[in-house]
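Engineer: what follows is a predicted structure for the sequence shown.
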Amino acid sequence: MALTAFPISPAKPLTAITTIPQFPHNPKTLILQQCKTTRDLNQVHAHLIKTRLLLNPTITENLLESAAILLPNAMDYALSIFHNLDEPDTLVYNIMIRSLTYKLSPLEAFLLFKKMQESSAEPDEFTLSSILKACSKLRALREGEQIHAHIVKCGFKSNGFVENTLIHMYATCGELEVARRVFDGLPERARMAWNSMLAGYMKNKCWDEVVKLFHEMLKLGVGFDEVTLTSVLTACGRLANLELGEWIGDYIEANRLKGNIALVTSLVDMYAKCGQVETARRFFDRMDRRDVVAWSAMISGYSQANRCREALDLFHDMQKANVDPNEVTMVSVLYSCAVLGALKTGKWVEFYIKKEKLKLTVNLGTALIDFYAKCGCIDSSIEVFNRMPSTNVFSWTALIQGLASNGQGKGALEYFQLMQEKNIKPNNVTFIAVLSACSHAGLVNEGRNLFTSMIKDFGIEPRIEHYGSMVDILGRAGLIEEAYQFIKNMPIQPNAVVWRTLLASCRAHKNVEIGEESLKHIISLETPHSGDYILLSNIYASVDRREDAIRVRDQMREKGIEKAPGCSLIELDGVIYEFFAEDKACPHLEEVYNATHDMMKRIKEAGYVPYTTDARLDAEEDEKEASVSHHSEKLAIAFGLIRTLPGTTLRISKNLRVCTDCHNATKMISKVFNRQIVVRDWNRFHHFKEGSCSCNDYW
DNA sequence: GTAGGGTTAG
């Protein structure tokens, strides 16, 4: 092996490292243990050249290994040593292929392997397992199969490591059955092989198979280790298999395995996904070290349990603990911001992503699109979408859904068209999004055509949600009778949601008969919501059947169903304020009610007339007026008006549908106070501006 | 000299 000197600065004095007397006798220990930086390595290298020790191939290999594998950022150095070797042997190739696979690029590793095949160096079992790993990373099934053939031909098959990487490669490339065949064909299945097979099922989300294989391990008595348990716990979480999960949890406690951070993280994740967030939190709190994955798991646990405020609180704790969030953490954080309508926090997240150069992965991009859409900033959603390096059906669906709920039905359909031109196949959720676009935009014929096309052209079996969307499209457009017949002719049993949709249309179009029937159906299917009775009561009120209206409300009370209190949120300066209707315990009580009073006075002067038909029926007219003027939405808007500078857009999210009076009032407020007001109700957005609303009074 | 495991979206 011929060697060329690596450029070093001649002016630099040699450090003590290179003058250690025993250096020639134990070069390996010296280099591996003492070189902490590229600079150290550089000096050892210089010394080796000077003393001609580098002529010893073992020493060169050790040097290479230090640069390529042990030091974090010395790949260039390793490459330059490598390129100066005349005839690298198998060992040298192995070092390079392995380090390229992990550190630089599996593709480079593969190209080097090709070069190796043209050389005299013979691949051994180390080479083959490394290159199979590279194939996994590249999802290069074809190449992996070729290596497999080579392995069989050369008889490396009985090597445990090679077998494992083979299973791993097939599983990663989605060829689970082949992976299983390799696994089943092993003469001796070591625990490592079982773990690889489990990992394969995990990668392909075959959670049932993970549990099945684990039971088989128990039955055959092959034993298991911490890696096995980590996989099985993850599967238990996805399957909500608390029984097995708890069994493993007990095992972990009994065997003092709590120092294993990955294992405990999967335990935390399992408890959270099985709905036991408190238990998850207890384990999380008791961890003696928490890395970014542990924090992310707990944050996502809260967000999936619909405890988004706690998710954001924990995110703040994470920052206080100086653990840097990654792309995955931010997905859960953004989801929580979306649910809460926490625009400021979410915007900060995007700023952080840019500043810290986090990768805009498909998941993260999709979470951002959804977050902005759910905060009513659909332009920002589009901007994020356009910046994403790669998109998939999830990102397109999020965008289409966002456009639909923000009143841009036509835009949603345009993106749906564009998506198909880009050869991204819509799935059943995409169709829920486009159908809802048609419904929000009042596009009846488009909706009918899409529904047919979904079945005929895309082979997607309509689910209850698709039928529900069709009922919504027809009902909102006033085609109540057609919607009713549509439900009657459904091939699957309609659920309460479908009837509730029809009931809401009956309210909008004052159809008493079908409204009554809809409520009957809802009652026969599930415990009705307070809103169901209120809709029917309001239908009666709207056609002057006051007695009936009161009767329905009494019925509701008799059954012990309370009216869900209206609740509105507004985020000001990163703080979320919560208001309830007739709230007597809200923050800044007097200030809020005074502001509301002034606000109502000013819009009345501008011509607003209270709409009290839907208000409490037993009340006198002036009481009704007072009652509607204290709806949570009005309190939140009034508070927003006095707490922000003129011209600032107000963003409100609320738990119920916007009522007719609040809708009228907010239109007027937007004009009188010259503000844009964005209201997110339980299923869509209202962008109020200059006295009108993006929904065109159609919601 | 080699591996396998934990968190994420519509």
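Structural biologist: Sure thing, it's come through.
Engineer: next, A:Tyr372: secondary structure please.
Structural biologist: Here A:Tyr372 is recorded as helix under DSSP: H, G, I helix; E, B strand; the rest coil.
Engineer: number of nearby residues for it?
Structural biologist: A:Tyr372 is flanked by 29 other residues according to other C-beta atoms under 10 Å. All C-beta spots, glycine's among them, are computed from the backbone N, C-alpha and C.
Engineer: distance check, it against DNA strand B.
Structural biologist: According to C-beta to the nearest atom of the strand, to the nearest Å, A:Tyr372 stands 12 Å off from DNA strand B.
Engineer: could you do A:Cys506 as well?
Structural biologist: For A:Cys506, the distance to DNA strand B (C-beta to the nearest atom of the strand) stands at 28 Å.
Engineer: what do you get for A:Phe685?
Structural biologist: On the measure of C-beta to the nearest atom of the strand, A:Phe685 and DNA strand B end up 14 Å apart.
Engineer: distance of that residue from A:Lys273?
Structural biologist: Here the criterion is C-beta to C-beta, to the nearest Å. By it, A:Phe685 lies 31 Å from A:Lys273.
Engineer: likewise A:Ala541?
Structural biologist: Distance check for A:Ala541 against A:Lys273: by C-beta to C-beta, it reads 45 Å.
Engineer: name the nearest residue to A:Thr366, ignoring sequence neighbours.
Structural biologist: Excluding its sequence neighbours, the residue lying closest to A:Thr366 (C-beta to C-beta, 6 or more residues apart in numbering) is A:Ser395, at 4.5 Å.
Engineer: which residues touch that neighbour?
Structural biologist: Contacts were defined as C-beta atoms under 8 Å, 6 or more residues apart in numbering; by that measure A:Ser395 touches A:Val362, A:Gly365, A:Thr366, A:Ile369, A:Phe385, A:Met388.
Engineer: which residues of the stretch 201-350 of chain A lie near DNA strand B?
Structural biologist: Proximity of the stretch 201-350 of chain A to DNA strand B, by C-beta under 7 Å from any atom of the strand, involves residues A:202-203, A:225-228, A:230-231, A:234, A:237, A:260-263, A:265-266, A:269, A:273, A:291-294, A:296-297, A:300, A:304, A:326-329, A:331-332, A:335.
Engineer: any of the residues you listed buried? List them.
Structural biologist: Neighbour-count burial (16 or more other C-beta atoms under 10 Å) applied to these gives A:202-203, A:227-228, A:230-231, A:234, A:237, A:260, A:262-263, A:265-266, A:269, A:273, A:293-294, A:296-297, A:300, A:304, A:326-329, A:331-332, A:335.
Engineer: so how far is stretch A:303-321 from its chain's centroid?
Structural biologist: 15 Å (C-alpha atoms, centre = their mean, to the nearest Å).
Engineer: to clarify, my last question referred to stretch A:208-221.
Structural biologist: 30 Å.
Engineer: list the buried ones in stretch A:276-287?
Structural biologist: Buried residues in stretch A:276-287 (16+ other C-beta under 10 Å): A:Gln276, A:Val277, A:Thr279, A:Ala280, A:Arg281, A:Phe283, A:Phe284, A:Met287.
Engineer: span of stretch A:253-270 from start to end?
Structural biologist: In stretch A:253-270, first residue to last residue: 15 Å (C-alpha to C-alpha, to the nearest Å).
Engineer: I misspoke; the intended subject was stretch A:517-537.
Structural biologist: End to end - C-alpha to C-alpha - stretch A:517-537 spans 13 Å.
Engineer: buried set for it?
Structural biologist: A:517-519, A:521-522, A:525, A:528-537.
Engineer: and for stretch A:37-49?
Structural biologist: Counting neighbours by 16+ other C-beta under 10 Å, stretch A:37-49 gives A:Thr38, A:Asp40, A:Leu41, A:Asn42, A:Gln43, A:Val44, A:His45, A:Ala46, A:His47, A:Leu48, A:Ile49 as buried.
Engineer: measure the last one to A:Thr60 for me?
Structural biologist: Meaning A:Ile49. From A:Ile49 to A:Thr60 the distance is 11 Å (C-beta to C-beta).
Engineer: for A:Ser653, which three-state class applies?
Structural biologist: With three-state DSSP as the basis, A:Ser653 sits in strand.
Engineer: that should have said A:Ile576, apologies.
Structural biologist: Following three-state DSSP, A:Ile576 is assigned to strand.
Engineer: partners of it in the sheet?
Structural biologist: Beta-bridge partners for A:Ile576, by DSSP bridges, are A:Glu571.
Engineer: now do stretch A:525-540, average pLDDT.
Structural biologist: Averaged across stretch A:525-540, the pLDDT comes to 88.
Engineer: CA atoms of stretch A:608-625 as CSV?
Structural biologist: Below are the C-alpha coordinates for stretch A:608-625, written out as CSV (Å, rounded to 0.1, in the frame of the first residue of the first chain):
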residue,chain,number,x,y,z
TYR,A,608,-78.2,46.5,13.6
VAL,A,609,-81.5,44.9,14.8
PRO,A,610,-81.2,42.1,17.4
TYR,A,611,-82.5,38.8,16.1
THR,A,612,-84.2,37.1,19.1
THR,A,613,-86.3,34.4,17.5
ASP,A,614,-83.9,31.7,18.7
ALA,A,615,-83.4,33.2,22.2
ARG,A,616,-84.9,31.9,25.4
LEU,A,617,-88.6,31.6,24.6
ASP,A,618,-90.0,32.2,28.0
ALA,A,619,-88.2,35.6,28.3
GLU,A,620,-89.6,39.0,27.6
GLU,A,621,-88.3,40.8,24.6
ASP,A,622,-85.8,43.0,26.4
GLU,A,623,-84.5,40.1,28.3
LYS,A,624,-84.0,38.2,25.1
GLU,A,625,-82.1,41.0,23.7
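Engineer: quick one, what contacts A:Trp499?
Structural biologist: For A:Trp499, the contacting residues are A:Ile487, A:Ser518, A:Leu519, A:His521, A:Ile522, A:Leu525, by C-beta under 8 Å, 6+ apart.
Engineer: now render those as CSV, adding secondary structure and distance to DNA strand B.
Structural biologist: CSV is the format used below for these (DSSP: H, G, I helix; E, B strand; the rest coil; distance: C-beta to the nearest atom of the strand, whole Å):
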residue, secondary structure, distance to DNA strand B
A:Ile487, helix, 25
A:Ser518, helix, 27
A:Leu519, helix, 30
A:His521, helix, 28
A:Ile522, helix, 26
A:Leu525, helix, 26
